[in-house]
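Asks: Quick one, structure for this:
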Amino acid sequence: MCVLGILGIILMIIENELTFSQIDNNDTISSWSIKIVISFSTLVLIGFIFQYHHLDLSLYAVNNSIEDYRIAITYKKIFLILLEILVCAVHPMPRSFPRPSNSSVENTSSNSSTPTRYPLSYVSVDVALGFPMFARVYLLCRFIMFHSHVFHDISSRSIGYLNRVSIDYLFLIKAYLQQYPASCLTTLCIIVFFIGSWCTRACDYTPTNEHVSMPQAMWFFIVTFTTIGYGDFTPSTYCGRIIASIVGIFGILVVALLITVLAQKFLLNRWEKYVHSFVLNVELAKNRKIQAANIIKFAFQAWHLKKKNISESSIRYLQAQQRLFLSIRSLHEIKEKQRQLVDNCVDQIDIISVQRNTSAEIYDTSEQLEIMKTLVLDPIFSKARIPTSFVTDIMCILGILGIILMIIENEIIFSHINNNDTIWSWSIKISISFSTFVLIGFIFQYHRLDLSLYAVNNSIEDSRVTLTNRKIFLIVLEILICAIHPMPRSFPHRLNASVENISSNSSISTPYSSSYIDIDVALGLPMFARGYLLCRFIVFHSHLFLDASSRSIGYLNQISINYFFLIKVYVQQWPRRCIMTFCIMVFLIGSWCLRACDYTSNNEHLSMLDSMWLFIITFTTVGYGDIAPSTYCGRSIATIIGFLGVILIALLISVLTQKLLLDRSEKYVHNFVLNIQLAKEYKIEAANIIKFAFRVWYMKKKNISLSSIHYLQAQRRLFQSIQSLQQNKQEQRKLIDSCIDQIDLIAMHRNTTVQTYEAKELLKKTKVKIDKIEEKLVEMNININNTINDMQKTLNMLFDKVSQ
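Replies: Numbers count the residues shown, from 1 in each chain. This next block holds a predicted model:
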């Protein structure tokens, strides 16, 4: 079947290629003969399909101990057999024998001078009947399945049967993708590449009604598969557009599959993770010893300088304190890395084992002291944060004001010929420069307050000790980012003269080169980097940052409440609002940047609407080709926009995936409803089994023929009921498995541990009580013995007196 299916596809391609080489796609004797062969191979293939399903049903009957294989024929099986026959039956059928070839050639040659282009809906009959033949590729999947070692191995099939796993196409696809991802994806892409390229060639035509060449079809497949679409080649028919849509969707699916496979392959397994963590732990232990030795050394050095009565503001003393502070901070960072290493190395199995062996985690005394320090000193810290928050607000206002003034100044220049300065633009530049100088002053003030607050948090006497090389680099970098702006140049005195000169030379305009960029635009675009001030503003006005309880919990769990943490929280809490706000901001900024960088053929800037359209087709990676960046600056902006588009699409997919998943409570409710439905179906199928079994027994008792229709129908229904009951049991087991997750296991172990602890305590109390009872019994025994002895003495005394 596989050989006949692939042979039919190859013959169909050869027949169509022979037809494509003829004028007006007329049939030839060769193509007609090939169609005869295709029809014959199709009839033979249909016969083998019937034979295959006959053998398959017989094997199924033997496996399930069914007497007659006709009982296993269900409506679903009949539908699948008919569908398979229809898929394999479609092929280019031979029509009338092509005899009058010469006259047709003469007629076509006489009319070839004025060819009429085919309409969009045109498609050749042979092509329309040939495309469905590619669906015969499923026979190749069946061939691979029947020649797979997993399918033939008795042990693997037995394990699959025990675990209720069917060794079919889907299982083998998953297994081969896990085992040979590169080979599978490469083979799949090559097959789809050639099939899609030939389908594009068969569907699309040139303006002279000729089929496109194979290299052009391959190029179109590549730009469609990668969702680039340069616009130099587009489909000319509806059939071609359908093929292009399928190719584009398939390209997205292959990229998603590739990302999934690569993500799985680059993850370390459990034992590799343990080995890697062990190596890292050894390195961290060495560094921890080194930093501990440095702390002792620099602490002794600071104590020695203090003993010598050296001034605390001297450079030597500050250097010693700074090195001591750096060593302490490095030691804390190493401890944090070690904790993270342990957390990353722990998986579900480790959690269960730890929960089994230990009942609770005991915190160190030093950590408890740090927690108490944070909780007690938090009101002091909140008072110290008030001026920092005020400075942050002013910095954000100055940064956004500078960006707005820069846009206004550039728009004024864009409206003038040759982008000359005006008095208004020069005045705005003065305002931008003044606001920039004020902003730089507030940056120094902000970092001074930040260092002072950090010194208070870490009980450091002098804030200059906390000034590290990394901190100095970040401060200098922030100043450089905020210092870049369009600076005012010479005052524009000769405005009228320049306008006259420009108007006299306006008839001759030379297009700008690709490397051209206006100096004000080049200095204005980096000002958008001041947007980080808005992020800092959001952090200082966030309830998570201002709330003492949330900061204490963050400190307990070693979590820093910074930009990245707040981004994760807000995206989890308000995904649509965050993504929409970010997209709108990026859309407006990116559109204006494209307008500022790109020019038309008349040396004018792009209109805002055109730049918005260019942003959209770049952001969505469509690229129709009607508008393209004309300068290197515009291409750089377009590249950044394209990357942002891909990242945001990935973020949107991940957020949607998380939102579409059922949470724990919803999953329980859904599983509860499904369990009720399955229980009802289980009872119905059990009743059906009894009913149809009684009917079969009754027909046997009446000596009805075993090959009669009524007997076969009763047996088939009995078999279907038994099969439905088994499927119902399997679904119930899967439902139970899917309902249990890691949280349930941890909660179960926690409850078991608590109950075990309570039982131990109860046993201890019982043992104490038993010991007390035993002591009392001993005392009672002693008292009874003493009493008996006293009585014995008394009786002896009485006996002596009586005897006397």
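
Asks: ok, which stretches of the stretch 251-400 of the chain are helices?
Replies: Ranges of helices in the stretch 251-400 of the chain, per DSSP state H, counting those that start in this stretch, are 270-307, 315-345, 348-357, 365-414.

Asks: Any idea which of the ones you listed has the lowest pLDDT on average?
Replies: By mean pLDDT, the lowest-scoring of the helices of the stretch 251-400 of the chain turns out to be helix 348-357, with a mean of 49.

Asks: Need the phi and psi values for Tyr599.
Replies: phi -130, psi 160 (degrees, to the nearest 10).

Asks: shouldn't it be in contact with Leu606?
Replies: Yes: the pair Tyr599 / Leu606 is scored as a contact, 7.1 Å apart, by C-beta atoms under 8 Å. Where you see a C-beta, it was placed from the backbone N, CA and C, and this is true even at glycine.

Asks: quick one, which of these two is more surrounded?
Replies: For Tyr599 versus Leu606, the count of surrounding residues by other C-beta atoms under 10 Å is larger for Leu606: 22 against 18.

Asks: That one: what's it in contact with?
Replies: Leu606 sits next to Leu594, Arg595, Asp598, Tyr599, Thr600, Leu614, Ile627 when contact means C-beta atoms under 8 Å, 6 or more residues apart in numbering.

Asks: Now it, what are its backbone angles?
Replies: phi -60, psi 150.

Asks: just His211 next, same as before
Replies: phi -70, psi 150.

Asks: how far away is it from Pro132?
Replies: Separation of His211 from Pro132 (C-beta to C-beta, to the nearest Å): 19 Å.

Asks: Settle it for me: which of the two has more neighbours?
Replies: His211 (22 against 14).

Asks: Residues in a beta bridge with that one, which ones?
Replies: On the basis of DSSP bridges, His211 is bridged to Tyr205.

Asks: and the contacts of Leu606, which are buried?
Replies: Leu594, Arg595, Asp598, Tyr599, Leu614, Ile627 (16 or more other C-beta atoms under 10 Å).

Asks: For stretch 182-195, buried residues please.
Replies: Within stretch 182-195, judged by 16+ other C-beta under 10 Å, the buried ones are Cys184, Leu185, Val192, Ile195.

Asks: Keep only those of the residues you listed that are in helices.
Replies: Cross-referencing the buried residues of stretch 182-195 against helices under DSSP state H gives Cys184, Leu185, Val192, Ile195.

Asks: Okay, helices next: where are they in the stretch 401-550 of the chain?
Replies: Under DSSP H, counting those that start in this stretch, the stretch 401-550 of the chain gives helices at 423-457, 469-483, 495-504, 519-524, 532-540, 543-546, 548-556.

Asks: just so I know, which of those helices lies nearest Tyr69?
Replies: helix 548-556 (66.6 Å; C-beta to C-beta).

Asks: could you give the mean pLDDT of the closest one?
Replies: 65.

Asks: ok, now stretch 35-53?
Replies: Mean predicted confidence for stretch 35-53 is 91.

Asks: now that stretch, how far from the chain's geometric center?
Replies: Counting by C-alpha atoms, centre = their mean, to the nearest Å, stretch 35-53 is centred 45 Å from the centre of its parent chain.

Asks: Contacts for it next, please.
Replies: 1, 4-5, 7-8, 11-12, 15, 77, 81, 84-85, 88-89, 91-94.

Asks: make it 6 Å
Replies: Met1, Leu4, Leu7, Gly8, Leu11, Ile81, Glu84, Ile85, Cys88, His91, Pro92, Pro94 (C-beta atoms under 6 Å, 6 or more residues apart in numbering).

Asks: Quick check: helices, which of the buried ones among the contacts of Leu606 are part of them?
Replies: Under the assignment DSSP H, these contribute Leu594, Arg595, Leu614 to helices.

Asks: Identify the residue spatially nearest to Gln338, adjacent ones excluded.
Replies: Nearest residue to Gln338, sequence neighbours excluded (C-beta to C-beta, 6 or more residues apart in numbering): Leu284, at 5.4 Å.
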